[in-house]
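Chemist: below are the sequence and a predicted model; questions follow.
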Amino acid sequence: MTDAKLPGLEERFAELKGVRMRYFVGGDGSPLILVHGLGGAASNWAELAPLLTRRYSLLVPDLPGHGGSSALPAVSGLEPFADRVALVAEREGMLPAPVVGHSLGGMVVLRLALRRPRDVQAIVLAGSAGLSIGSVLARQALSLFSVVRPGRIAARHRRWVARSPLLRRIVFGVVSVADPVGLTDEAVDGFLAAQLLHTDLGSAWQALRVDDPRQELDAIRCPVLVLWGAEDLQLPLDDAFEYTRRLRARLRVIPGCGHLLIGERPDACEQAIDEFLSSGLERNHLRS
């Protein structure tokens, strides 16, 4: 993988309300939507998506301003991001569906569920942002990230990063990966390749700053799985407990991984997602 694509999935484009959205589809089974985080792209799911395609038909978009998708014409919160995901899913006939959101993607998924509850059958929040973002340290770190964008530098030299244990620790230690050396080369490339394509991370960061879902979580009615890395220092485990309490959700903590759990432990993530979506509770909900 050299250009932030997903092997085994078909790349498609669509013009939707002023945004050229790039997304990927593939797999067999019931629909499942994957939404990446701030500064990420569809390619972030490079290790997890192939596992999920064995049981699900996947839709994996690049959010506006990320990867191969163009920027939004205007941003007032996370609703425009959620709306574009919904429009892509409608175009592909993949609604209603369960939706998995990583980091910022978790906030986008919550917005989607609040705006279009009938279209979201279930939610998986994987290391979701939204609760700790109000801290001074978190704001400063993300502001620096969105302006300096160190990932672009790493992306230009990602083959060297993949080969060097030291560079892996420098690049991925910053984003709270428990074992950077243990990442596969495909995961390294999947997290870094899209950094050269991004056109507007600042709008997503500003939307994240102003969009606070905490007062609306009681309105979420679909089943929720909170999926977290036990060693996530970027978004602490306390956030997982708080999401679980407020959303009356299930909690699955995966040992030996940090914030990029979807690439650190894709096997454990796939198992947790599949067990959740295959559970009796979920089947009963989907019939209703």
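Modeler: Perfect, thanks for sending it.

Chemist: pLDDT below threshold where in the stretch 1-150 of the chain?
Modeler: 1-4, 132-150 (pLDDT under 70).

Chemist: try it again with 90
Modeler: Applying pLDDT under 90 to the stretch 1-150 of the chain flags the ranges 1-8, 38-40, 73-77, 129-150.

Chemist: which stretches in it count as helices?
Modeler: With DSSP state H, counting those that start in this stretch as the criterion, the stretch 1-150 of the chain has helices at 49-52, 79-91, 104-115, 136-148, 150-156.

Chemist: what is the third one packed up against?
Modeler: Using 3 or more CB pairs under 8 Å, 6 or more residues apart in numbering; DSSP states H and E as the contact criterion, the secondary-structure elements in contact with helix 104-115 are strand 30-35, helix 79-91, strand 97-102, strand 120-126, helix 201-210. C-beta: built from backbone N, CA, C; applies to glycine.

Chemist: of all these, which one is nearest Gly229?
Modeler: Of all those, it is strand 120-126 that lies closest to Gly229, at 8.7 Å by CB to CB.

Chemist: buried sites along the closest one?
Modeler: Val120, Gln121, Ala122, Ile123, Val124, Leu125, Ala126 (16 or more other CB atoms under 10 Å).

Chemist: just put the residues you listed in JSON lines and tack on distance to Arg209.
Modeler: Compiled in JSON lines, the buried residues of strand 120-126 are given as follows (distance: CB to CB, whole Å):
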{"residue": "Val120", "distance to Arg209": "24"}
{"residue": "Gln121", "distance to Arg209": "29"}
{"residue": "Ala122", "distance to Arg209": "28"}
{"residue": "Ile123", "distance to Arg209": "22"}
{"residue": "Val124", "distance to Arg209": "24"}
{"residue": "Leu125", "distance to Arg209": "19"}
{"residue": "Ala126", "distance to Arg209": "21"}
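
Chemist: between these, which is nearest Leu260?
Modeler: Ala126 (9.7 Å).

Chemist: the closest one bridge partners, please.
Modeler: Ala126 has these beta-bridge partners by DSSP bridges: His102, Leu227.
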